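Undergrad: need coordinates for the below:
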Amino acid sequence: MTAKRVADSRAEQVQILMPEHINGAHRLFGGKLMEWIDVVAAVVARRHSGRNVTTAAIDNLQFQEAAYANDTLVLVGRITHVGKTSMEVRVDTYVEDLSGVRRMINRAYLVMVALDEAQHPTPVPGLVLETEEDRQEWENGGRRRQLRSQRRSDGY
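TA: Below you'll find the predicted structure:
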């Protein structure tokens, strides 16, 4: 199985926030954003693995700022770490103003698992690290993986 570059699986989704995406406090409904994040992570993982995938964990989801009706939202996903059958995917969400300037409002890390035809976990390609950011994310992803494992054993 040939390893793939981070850039090979990158995905971007763009949304204009409509009234149906807004909650009672007149901000983007967090559950809607979570849905979009999950879709972007799945696209990244499918591109990397060449397989159908399932979400195993949403490890970190930080709402840093609000978004409002008529904002342009840009979600950018990239693979950060791979195991035998799992892939960690980072999805950054930005509000993009009309001049194209982006400000980050959310960062999430998800763990996706590749599935074979019988819907069982199956091996994924390795990851080629080309940049310092790729290497730093890989190292941090290894630490996050250890924390997830510790939480599972602690029943958290």
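Undergrad: residues in contact with stretch 42-59: which ones?
TA: 4, 8-11, 13, 34, 37-38, 41, 77-79, 82, 86-89, 91, 108-116, 122, 124-125, 127, 144, 148 (Cβ atoms under 8 Å, 6 or more residues apart in numbering). Every C-beta, even on glycine, is put in place using the N, C-alpha and C of the backbone.
Undergrad: 7 Å instead, please
TA: 4, 8-11, 38, 77-79, 86-87, 89, 108-115, 122, 124-125, 144, 148 (Cβ atoms under 7 Å, 6 or more residues apart in numbering).
Undergrad: return the set of residues that bridge with residue 108.
TA: Beta bridges link residue 108 to residue 61, residue 91 when assigned by DSSP bridges.
Undergrad: sorry, back to before: which of the contacts of stretch 42-59 count as buried?
TA: Buried members of the contacts of stretch 42-59, scored by 16 or more other Cβ atoms under 10 Å, are 4, 9-11, 38, 77-79, 86-87, 89, 108-115, 122, 124-125, 144, 148.
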